[in-house]
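J.: Next come a sequence and a model predicted from it.
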Amino acid sequence: MHETIVLVLPADNHVHSEWSYDTSPEASMVRSCEQALALGLPSIAFTEHLEFTAGGPGDAITGIAADARWWNRIKPLDVTGYQAGIQECRERFPSLRVIAGVEAGESHLFAGSAAAIIRGHSWQRVLGSLHAVPHRGKLISADALFGHMPSDEAMRCYFTELLHLIEGSDLFEILAHPDFPRRYWPAGPHLYQEKPFEEEYRTVMRALAVSERVIEFNTRTPLASVELITWWRESGGRAVSFGSDAHVPRRVGDRFKLAVDIVEAAGFRPGRDPYDFWRV
Ligand SMILES: [Zn+2]
Ligand SMILES: [Zn+2]
């Protein structure tokens with residue numbers, strides 16, 4: 001009496017390769033495609049970091065911080081090289097849908113620079129993310145925030161800036177890792193909890209939902225709870241994107257079976273086709 005359920009995993013919409021500045025020599029577009037095929041993923045999106053070492057025309061960052069970098073490793077994206085890599089993978093792996101994307105960092109602070117790249121080329125997936133927030137005339141990375149203030153204050157500071165990103169930039173479609181600093185929540189007796197930040201979560205979720213955009217379920221960050229994804233649905237959210245945020249091939253599609261269970265329990269289902277977001 002057992003029904004056979006063929007589980008089709010969702011697309012991995014957030015993967016980094018050798019074209020992102022923060023990856024190791026192990027990173028590889030080709031190997032990542034092989035991993036996606038081995039797992040049976042319908043598609044893989046390479047969303048390389050789109051960040052800038054200095055502010056340009058139309059970038060608010062120039063009025064906020066003297067140094068636009070929050071990390072000295074930041075390098076501009078080599079769009080031409082990246083696109084050649086995408087083309088090669090599409091030819092090599094015709095049964096896998098290989099999607100061209102970027103992960104735009106702080107695109108409300110780099111509006112001019114980011115728009116030039118995003119609007120100047122054709123991208124199928126544009127993620128928006130906040131890795132750093134302005135604090136006392138500098139951009140401070142999310143992990144370093146915890147060294148500047150109490151942990152709960154650091155999270156609130158992050159959510160406040162996240163709202164500025166959502167309301168201040170329409171360059172992206174998917175909000176990546178919405179509670180990014182939870183990755184860096186200090187070890188100790190107090191584990192990270194979502195509940196104390198419910199109001200902050202709901203505020204950013206409403207802003208994202210009103211603009212009809214998509215939230216990401218990120219499987220590199222400690223996993224979001226069913227309750228958190230339910231807040232998204234209750235805030236008017238209609239679509240969820242899955243992203244491993246893999247920086248090495250073996251992490252492509254990582255923990256997707258668990259992720260699917262959580263998102264499904266919150267009331268979302270696979271979309272129109274295997275490449276689509278999950279929807280209510
Ligand atoms: Zn990110
Ligand atoms: Zn990423």
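T.: Received it, and whenever you're ready, just let me know what you need. Ligands and ions are numbered 1, 2, ... in the order given.

J.: Show me which positions of the longest helix seen in the chain end up buried.
T.: Using DSSP state H, we find that the single longest helix of the chain is helix 151-168. Under the neighbour-count criterion of 16 or more other C-beta atoms under 10 Å, helix 151-168 has 151, 154-159, 161-166 buried. Every C-beta, even on glycine, is put in place using the N, C-alpha and C of the backbone.

J.: After that helix, heading C-terminal, what element do we hit next?
T.: As assigned by DSSP states H and E, the chain's next helix or strand after helix 151-168 is strand 174-175.

J.: could I get the buried residues of helix 151-168 as CSV with pLDDT and distance to Asp261?
T.: Output for the buried residues of helix 151-168, formatted as CSV (pLDDT from 0 to 100; distance: C-beta to C-beta, whole Å):
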residue, pLDDT, distance to Asp261
Ser151, 97, 29
Ala154, 97, 30
Met155, 98, 26
Arg156, 98, 30
Cys157, 98, 32
Tyr158, 98, 27
Phe159, 98, 26
Glu161, 98, 31
Leu162, 98, 26
Leu163, 98, 30
His164, 98, 33
Leu165, 98, 29
Ile166, 98, 27
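
J.: helices or strands next to the longest helix of the chain in the packing?
T.: strand 132-135, helix 142-145, helix 198-210 (3 or more C-beta pairs under 8 Å, 6 or more residues apart in numbering; DSSP states H and E).

J.: Closest one to Val133 out of the buried residues of helix 151-168, please.
T.: Glu161 (4.2 Å; C-beta to C-beta).

J.: From what I see, the closest one and Val133 are in contact.
T.: Yes. Judged on C-beta atoms under 8 Å, Glu161 makes contact with Val133 at a distance of 4.2 Å.

J.: Up against ligand 2, what does the protein have?
T.: 103, 245 (C-beta under 5 Å from the ion).

J.: Where do the helices of the chain begin and end?
T.: Under DSSP H, the chain gives helices at 29-39, 79-92, 111-120, 142-145, 151-168, 198-210, 226-234, 256-265.

J.: And these: which comes nearest Gly58?
T.: Once the helices of the chain are compared by C-beta to C-beta, helix 111-120 is nearest, at 2.4 Å.

J.: Using TSV, lay out the buried residues of helix 151-168 together with distance to Ala111.
T.: As requested, the buried residues of helix 151-168 are exported to TSV (distance: C-beta to C-beta, whole Å):
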residue	distance to Ala111
Ser151	30
Ala154	25
Met155	25
Arg156	24
Cys157	21
Tyr158	20
Phe159	21
Glu161	15
Leu162	16
Leu163	16
His164	12
Leu165	11
Ile166	13
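
J.: Pick out the residue nearest the middle of this protein.
T.: Computing the C-alpha centroid of the chain and ranking residues by C-alpha atoms, centre = their mean puts Ala176 first, at 2.5 Å.
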